[in-house]
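Visitor: here is a sequence with its predicted model. Questions after.
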Amino acid sequence: MAGDKVESFLKSELKKKNALLFVLIDSEVSNLEASSKLAKDVEKIGASAILVGGSSATDQIEMAQVVKGIKKGLKIPIILFPGNVTGVVPDADAILFSSLMNSENPYFITQAQALGAPSVLKFGLEPLPTAYLVIGDGTSAWFVGSARGIPFEKPKIAAAYSLAAQFLGMRFVYLEAGSGAKTNVTPEMVQTVRHAFNGFLIVGGGIKDEKTAASLVKAGADALVIGTFLEKGGSLTKLEKIAKAIQSSK
Ligand SMILES: CC(C)=CCC/C(C)=C/CC/C(C)=C/CC/C(C)=C/COP(=O)(O)OP(=O)(O)O
Ligand SMILES: O=P(O)(O)OC[C@@H](O)CO
Ligand SMILES: [Mg+2]
């Protein structure tokens, strides 16, 4: 079984930087060359991990090639972010081994996990046990994952799921508004979840400016995920400002 290298790395990064930037690379959107360059560039400006995945990334060969290509010369970990069993590929350092706890379809709660687990073991990936909570509706993750989205204005529901995740032994919670979401998870929800949950708190979906990033970190997020901003051609200078806001706002 893979050890706890990535989890320990993230914890030590947290001590140094107080909150972390994760960059999401969608293997379907960026080609290999662009992805490798992007991964190196964001490492330079202080990202702590690269997530690779997509809710409709079903081409396992393409995913595997992107992961292998990005890895060359990269020091920060590559963490798989699977939307299905097809998202489990070799050469990454770890995997968000997630259960979409508020899905209406048991496939996304336990079945994909059972089908994917043998490959996680075979590929030596470090599983990061993650409660993946979809907030709101209308996004790919919400639709593909058959989520009953937690309303943005119901932080207590998100906190109850996070507490349940903790009692189930999960060490990561991911509050997901969905890639390209019009509105991000609110700081109020992050704060309420922070009070209930002791582990590593990831927040993503629709984050594209320093002010929002700072407010989510102040509310208690440990890591923020940014994908669409870069997919849409957002500049690295602006991302660096967001990274600085994340790392100095607690
Ligand atoms: C642990 C294993 C093997 C599988 C987990 C399976 C689960 C819980 C899936 C959750 C549902 C789901 C579809 C999540 C998608 C997460 C994801 C990678 C989102 C980012 O991708 P998008 O950018 O939304 O994808 P598109 O670009 O395809 O819209
Ligand atoms: O693409 P964006 O909106 O940055 O969201 C990132 C991530 O939370 C999506 O799964
Ligand atoms: Mg995408």
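Guide: In hand now; what should we look at? Residues are numbered from 1 along each chain as shown. Ligands and ions are numbered 1, 2, ... in the order given.
Visitor: what's around the single nearest residue of the chain relative to ligand 2, how many residues?
Guide: Of all residues in the chain, G204 sits closest to ligand 2, at 2.3 Å by CB to the nearest ligand atom. The C-beta positions use only the backbone N, C-alpha and C, and glycine is treated the same way. Other residues near G204 come to 27 when the count uses other CB atoms under 10 Å.
Visitor: which pLDDT value does the model give it?
Guide: We note a pLDDT of 98 for G204 in this prediction.
Visitor: helices of this structure, residue ranges please.
Guide: Under the criterion DSSP state H, the chain contains helices at 5-17, 32-44, 60-71, 111-122, 140-144, 155-167, 187-196, 210-218, 228-231, 236-248.
Visitor: next, format those helices as TSV and append mean pLDDT, distance to ligand 2 and mean neighbour count.
Guide: TSV is the format used below for these (pLDDT from 0 to 100; distance: least, CB to the nearest ligand atom, whole Å; neighbours: other CB atoms under 10 Å):
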stretch	mean pLDDT	distance to ligand 2	mean neighbour count
helix 5-17	97	16	15
helix 32-44	94	13	17
helix 60-71	93	15	19
helix 111-122	98	16	15
helix 140-144	97	6	19
helix 155-167	99	15	18
helix 187-196	98	13	20
helix 210-218	98	11	20
helix 228-231	95	3	19
helix 236-248	97	11	18
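Visitor: now the ones you listed in a markdown table, with distance to ligand 1?
Guide: Below are the helices of the chain laid out as a markdown table (distance: least, CB to the nearest ligand atom, whole Å):
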| stretch | distance to ligand 1 |
| --- | --- |
| helix 5-17 | 15 |
| helix 32-44 | 14 |
| helix 60-71 | 11 |
| helix 111-122 | 3 |
| helix 140-144 | 3 |
| helix 155-167 | 13 |
| helix 187-196 | 18 |
| helix 210-218 | 18 |
| helix 228-231 | 7 |
| helix 236-248 | 17 |
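Visitor: so which of those is nearest M101?
Guide: helix 155-167 (5.4 Å; CB to CB).
Visitor: against which helices or strands is that closest one packed?
Guide: strand 126-134, strand 172-176, helix 187-196 (3 or more CB pairs under 8 Å, 6 or more residues apart in numbering; DSSP states H and E).
Visitor: let's have the ones you listed in JSON lines, adding distance to ligand 3.
Guide: Shown next, in JSON lines, are the helices and strands packed on helix 155-167 (distance: least, CB to the ion, whole Å):
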{"stretch": "strand 126-134", "distance to ligand 3": "14"}
{"stretch": "strand 172-176", "distance to ligand 3": "12"}
{"stretch": "helix 187-196", "distance to ligand 3": "22"}
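Visitor: model confidence for the closest residue to A165 other than its chain neighbours, exactly?
Guide: Residue nearest to A165 in three dimensions, not counting chain neighbours: A131, with 3.4 Å by CB to CB, 6 or more residues apart in numbering. A131 carries a pLDDT value of 99.
Visitor: for A131, what are its contacts?
Guide: Listed by CB atoms under 8 Å, 6 or more residues apart in numbering, the contact partners of A131 are 98-99, 101, 161-162, 164-165, 168, 170, 172-174.
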